[in-house]
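# coordinates only, sequence not included:
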């Protein structure tokens, strides 16, 4: 009988976006590992707390947190929620944490971030785009306020998956993670199609991130 292994998931950038999805995936039973910098001491002591208007309060205590990527175990999936201005400095952390054939998902503001990061990654790593439909903000170290939504659109950007069937299988694999945590994300075949159908922004008054589907054009 074949034994199904649970994927190990690393969160690089454990603020509002990374912290929220990381806690929800951990609560769904996945093995989560968080890279933190300035908030490491507080989260190591008190864990994460989500105050959600949709799901109610969620807590992850203790949380598997690390100050240095070199201390993290190899992860099958990496969810990147850092600011795009730090992507160049993030590459060494990705390379230290990524398991062989790992899937790297960029869940960041901005367009074209996958194109900018791809030249810095080895061809053995899969790169995907993740578009978050969510209203969420970090209120204090390890404390995240979730106001609404939460779905994620995934799309394959580049990597060793050379045909459409292989790419779609990886997107479906990623979608299954989020589905287990309570969402039903529609997988997009490519990042180009995903960006062409959606737009993103930042609400300056609350710091909440949001995305809205523009819908298909006739």
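In hand now; what should we look at? If you're wondering where the values come from, they're calculated on a predicted model, not measured in any experiment. Residues are numbered from 1 along each chain as shown.
# does the residue nearest to residue 123 when sequence neighbours are not counted count as helix, strand or coil?
Excluding its sequence neighbours, the residue lying closest to residue 123 (CB to CB, 6 or more residues apart in numbering) is residue 160, at 6.3 Å. Glycine gets a C-beta too; all of them are placed from N, C-alpha and C. Using DSSP: H, G, I helix; E, B strand; the rest coil, the structure places residue 160 in coil.
# show me where the chain has helices.
16-27, 40-46, 87-97, 113-117, 164-180, 191-197 (DSSP state H).
# flag every buried residue along the second one.
Spelled out, that is helix 40-46. For helix 40-46, the neighbour count (16 or more other CB atoms under 10 Å) marks 40, 43, 44, 46 as buried.
# for the nearest residue to residue 159 once chain neighbours are set aside, give me its contacts.
Nearest residue to residue 159, sequence neighbours excluded (CB to CB, 6+ apart): residue 126, at 3.6 Å. Counting by CB atoms under 8 Å, 6 or more residues apart in numbering, residue 126 makes contact with 101, 102, 103, 104, 156, 158, 159, 160, 161, 170.
# closest to residue 82 among these?
Of all these, residue 104 has the smallest distance to residue 82: 12.1 Å, by CB to CB.
# near that closest one, how many other residues are there?
Neighbourhood size, residue 104 [other CB atoms under 10 Å]: 25.
# so it touches residue 95, yeah?
No. Residue 104 lies out of contact with residue 95 (CB atoms under 8 Å); the separation is 10.2 Å.
# what sits in contact with each of the two?
residue 121.
# on that earlier part again, for the residue nearest to residue 159, list each beta-bridge partner.
With DSSP bridges as the criterion, residue 126 is bridged to residue 103.
# and what of the one 4 residues further on?
Applying DSSP bridges to residue 130 yields these beta-bridge partners: residue 154.
# who are the neighbours in contact with the closest residue to residue 61 other than its chain neighbours?
Once flanking residues are discounted, residue 61 sits nearest to residue 47: 2.9 Å by CB to CB, 6+ apart. Residues near residue 47 by CB under 8 Å, 6+ apart: 59, 60, 61, 62, 63, 142.
# mind putting those into TSV with neighbour count?
Shown next, in TSV, are the contacts of residue 47 (neighbours: other CB atoms under 10 Å):
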residue	neighbour count
59	13
60	22
61	11
62	11
63	22
142	27
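# distance to residue 12 for these - can I get that in JSON lines?
Shown next, in JSON lines, are these (distance: CB to CB, whole Å):
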{"residue": "59", "distance to residue 12": "22"}
{"residue": "60", "distance to residue 12": "17"}
{"residue": "61", "distance to residue 12": "21"}
{"residue": "62", "distance to residue 12": "19"}
{"residue": "63", "distance to residue 12": "15"}
{"residue": "142", "distance to residue 12": "16"}
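# what mean pLDDT does stretch 182-191 have?
Stretch 182-191 shows a mean pLDDT of 62.
# okay, the contacts of residue 126 in TSV with pLDDT and distance to residue 74 next?
TSV is the format used below for those (pLDDT from 0 to 100; distance: CB to CB, whole Å):
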residue	pLDDT	distance to residue 74
101	97	11
102	98	8
103	98	13
104	98	13
156	96	21
158	97	21
159	97	17
160	98	17
161	97	20
170	96	18
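# cool, thanks, talk later.
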